[in-house]
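J.: Give me a model of this one.
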Amino acid sequence: QRCYVCGERGATVTCGHKGCKRSFHFPCGREDSCISQFIGLYRSFCREHRPEQTVQAQQDGDTCCLLCLEPVEEKLSFTTMVCPACMHSWFHRDCIQQQALRAGIFCFQCPLCKDSERFLPEMYNMGIRVPVR
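T.: Alright, predicted model coming up:
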């Protein structure tokens, strides 16, 4: 298989969307904003078919990431995410990924409201890897 990102052979990850035949190398997929889910069927999605958050959250003025305290985009995107439970906790994808790696499955929760019941499944769906440790 050829990687649709770099064009080289040996792409082993295929988009999980029905009818999509795009394949990519895992590192190329990360570079191209593809999402890989690390639970259940371990599906991956190309940039065009990746899941997006459906939460209808609005920011209050200038909003900062709760983890790095840097400004986030004004809307949900691949790099900007929000807690589905409280809808007030905004963060960068890279920041929440680092938090997940540090916390592990038993301690990973929303940094603001401390919810894990709705937060954890949403993060799994959005491609955040949470280790069991």
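
J.: Would you mind measuring from the residue nearest to Gln37 when sequence neighbours are not counted to Leu101?
T.: Of all residues not flanking Gln37 in the chain, Arg43 sits nearest, at 5.2 Å (C-beta to C-beta, 6 or more residues apart in numbering). For every residue, glycine as well, the C-beta is placed using N, CA and C. Noted for Arg43: a distance of 21 Å to Leu101, by C-beta to C-beta, to the nearest Å.

J.: So which of these two has more stuff around it?
T.: Arg43 (17 against 14; other C-beta atoms under 10 Å).

J.: Which pLDDT value belongs to the more buried one?
T.: Arg43 is assigned a predicted lDDT (pLDDT) of 96.

J.: Next, work out how far apart it and Phe91 are.
T.: 23 Å.

J.: Go ahead and name everything in contact with the longest helix belonging to the chain.
T.: Longest helix in the chain, counting residues (DSSP state H): helix 93-103. With contacts defined as C-beta atoms under 8 Å, 6 or more residues apart in numbering, helix 93-103 is touched by 65, 67-68, 78-81, 91, 108-109, 111, 123, 126, 128-131.
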